[in-house]
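J.: turn this into a structure:
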Amino acid sequence: MNLELRHLRVVCAIAETGSVTKAASALGLAQPALTAQLQRIERTLGGPLFDRDRRGARPTALGELVLARARVLLPAMKGLQDEAARLAGAGAAPRCYRLGGVNSPILGRLVHRLAAEQPPAQITTYASWSVDELAQLVAGGRLDFALTGVCGDATPSAAFGLSWREVAIDPVLVLLPETHPLAERAEVRLADLGHEQWVAAPGDGCFGDCFAAACARAGFTPRKVYETDIRGCVDLVEAGVAVALCQATFRPVTGLVTRRLAGVPLRWRLLLGWHPDSPAAGDAELLLATAKAAYTDSLAPHPTYLDWLVRNPGFGVRQPSGV
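T.: Numbering: from 1, shown residues only. Sure, this is the predicted structure:
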């Protein structure tokens, strides 16, 4: 493995926070992923960089040497980037945003906001069923940002070196035909859906281990799960053949209703990802703020859910806490 600037940032973050766990939170990475990355860095450099115990992580002699070099190189590289940006600023080309999304409920609103706030911006979108495909495209420089989601407290794979930040978190709802016997309830117990057939769109979502575990806790094993595109999912639910999980900001459809699952057995976290060493990383905070605003826009057609969010501040757009 060749040593890169991002590896030096990892070493500095661990030294500054005094803990691999705290450094992982600060960098927006999962702790096991950061631990594995540190081990690869140490193998490349030929020895341990930190003494680690219950009190935290303290640099070894080798670690102090690496930190001394990193604290010179990183500011120098930042200065180079800033000077290059200033030099190019006078004749800078319009910003370019290449966005990828997986079943994203806010991608359209994000594009609308970017276009309204930055009319010269060049914006392209790419849709995929796979978080890993989008992450690979971002890591390879073919996309700038990935807008996707994960179930519960899961995190996307750390194999591609992306930084991930939370946009919002929602309870997962169930989509029912308005003629369904449970449609008149404000909340539906998952156990009351034990006899239903289900339908889901392909790709990464809650129809995996977390859904099976939630059903097991509710005392049943889910029956047949159909797989089709989103339009097909809506058609099957409308026909009364199956019910579906859906996001809280699912656009209202005539003849269908969305209902909360009692106790919130499933949660969906909407995430924005980018590569920390990419040119687009400088726009990450702006994109994150715009994505959060786009999420807020998406709540307008859902006044009942808005009321629920007021009573449940642990959901919706939350204060930054890492991923």
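
J.: tally of neighbours for Ala262?
T.: 15 (other CB atoms under 10 Å). No exception for glycine: its C-beta is placed from N, CA and C like everyone else's.

J.: pLDDT at it, what is it?
T.: As predicted, Ala262 sits at a pLDDT of 96.

J.: my guess is it contacts Arg189, does it?
T.: Yes: contact criterion CB atoms under 8 Å: Ala262 and Arg189 qualify, at 4.8 Å.

J.: domain parsing for this protein?
T.: The record's domain parsing of the chain by automatic domain parsing lists 5-89, 96-170+268-311, 173-265.

J.: including distance to Gln319, could the ones you listed go into a markdown table?
T.: Shown next, in a markdown table, are those (distance: least, CB to CB, whole Å):
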| stretch | distance to Gln319 |
| --- | --- |
| domain 5-89 | 13 |
| domain 96-170+268-311 | 10 |
| domain 173-265 | 19 |
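
J.: winner for burial among these?
T.: domain 96-170+268-311 (a mean of 18; mean count of other CB atoms under 10 Å).

J.: quick one: mean pLDDT over stretch 127-136.
T.: Here the average pLDDT along stretch 127-136 is 89.

J.: right, I mislabeled it, should have said stretch 143-157
T.: On average, stretch 143-157 scores 87.

J.: do a quick rundown of the strands in the stretch 151-300 of the chain.
T.: 163-171, 173-177, 187-188, 198-200, 225-227, 244-246, 256-261, 267-274 (DSSP state E, counting those that start in this stretch).

J.: and if you look at the stretch 1-150 of the chain?
T.: 50-53, 56-59, 96-101, 122-127, 145-151.

J.: turn these into TSV, columns for distance to Gly240.
T.: Putting the strands of the stretch 1-150 of the chain into TSV (distance: least, CB to CB, whole Å) gives the following:
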stretch	distance to Gly240
strand 50-53	57
strand 56-59	57
strand 96-101	30
strand 122-127	29
strand 145-151	26
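
J.: compare those strands and give me the one nearest Phe160.
T.: strand 145-151 (9.5 Å; CB to CB).

J.: give me the angle between that closest one and strand 96-101.
T.: 20 degrees (axes from the mean of the first three to the mean of the last three CA atoms, to 10 degrees).

J.: circling back to that earlier point, can you flag the weakest of the domains of the chain by average pLDDT?
T.: domain 5-89 (a mean of 86).

J.: and that domain, how far out from the chain middle?
T.: 23 Å (CA atoms, centre = their mean, to the nearest Å).

J.: if we can go back for a sec, out of the domains of the chain, which gets nearest to Val317?
T.: Among the domains of the chain, the nearest to Val317 by CB to CB is domain 96-170+268-311 (4.9 Å).

J.: next one: that closest one to chain centre, how far?
T.: In this view, domain 96-170+268-311 has its centroid 7 Å away from the chain centroid, taken as CA atoms, centre = their mean.

J.: with stretch 298-312 instead?
T.: Counting by CA atoms, centre = their mean, stretch 298-312 comes out at 21 Å from the chain centroid.

J.: now the end-to-end length of that stretch.
T.: 18 Å (CA to CA, to the nearest Å).

J.: do the same with stretch 12-29
T.: By CA to CA, the extent of stretch 12-29 from end to end equals 15 Å.

J.: hmm, who's touching that stretch?
T.: 9-10, 30-31, 33-35, 37-38, 49-50, 52, 56-59, 63, 67, 70-71, 74, 158, 163-165, 276, 321-323 (CB atoms under 8 Å, 6 or more residues apart in numbering).

J.: contacting residues for the closest residue to Ala158 other than its chain neighbours?
T.: In space, Ala158 comes closest to Ala33 once its chain neighbours are excluded; the distance is 3.1 Å by CB to CB, 6 or more residues apart in numbering. By CB under 8 Å, 6+ apart, Ala33 lies in contact with 24, 155, 158.

J.: nearest the middle, which residue of the chain would you pick?
T.: In the chain, the centroid-proximal residue (CA atoms, centre = their mean) is Leu271; its distance is 2.0 Å.

J.: and that residue, how far from Glu133?
T.: Applying CB to CB, to the nearest Å, the value for Leu271 to Glu133 is 15 Å.

J.: ok, now Phe50?
T.: Taken as CB to CB, the span from Phe50 to Glu133 is 35 Å.

J.: using CSV, write out the CA atom coordinates for stretch 266-286.
T.: The C-alpha trace of stretch 266-286 is given here as CSV (Å, rounded to 0.1, in the frame of the first residue of the first chain):
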residue,chain,number,x,y,z
LEU,A,266,-37.3,-0.1,11.6
ARG,A,267,-35.4,3.1,10.9
TRP,A,268,-34.0,4.6,7.7
ARG,A,269,-31.0,6.9,7.7
LEU,A,270,-30.5,9.1,4.7
LEU,A,271,-26.7,9.7,4.1
LEU,A,272,-24.5,11.8,1.8
GLY,A,273,-21.2,10.4,0.9
TRP,A,274,-18.1,11.8,-0.8
HIS,A,275,-14.4,11.0,-1.1
PRO,A,276,-12.4,13.2,1.3
ASP,A,277,-9.5,13.7,-1.1
SER,A,278,-11.7,14.5,-4.2
PRO,A,279,-12.0,18.1,-5.6
ALA,A,280,-15.7,17.9,-4.7
ALA,A,281,-14.9,17.5,-1.0
GLY,A,282,-14.7,21.3,-0.7
ASP,A,283,-18.4,21.5,-1.5
ALA,A,284,-19.4,18.7,0.9
GLU,A,285,-20.7,20.9,3.7
LEU,A,286,-22.7,23.0,1.2
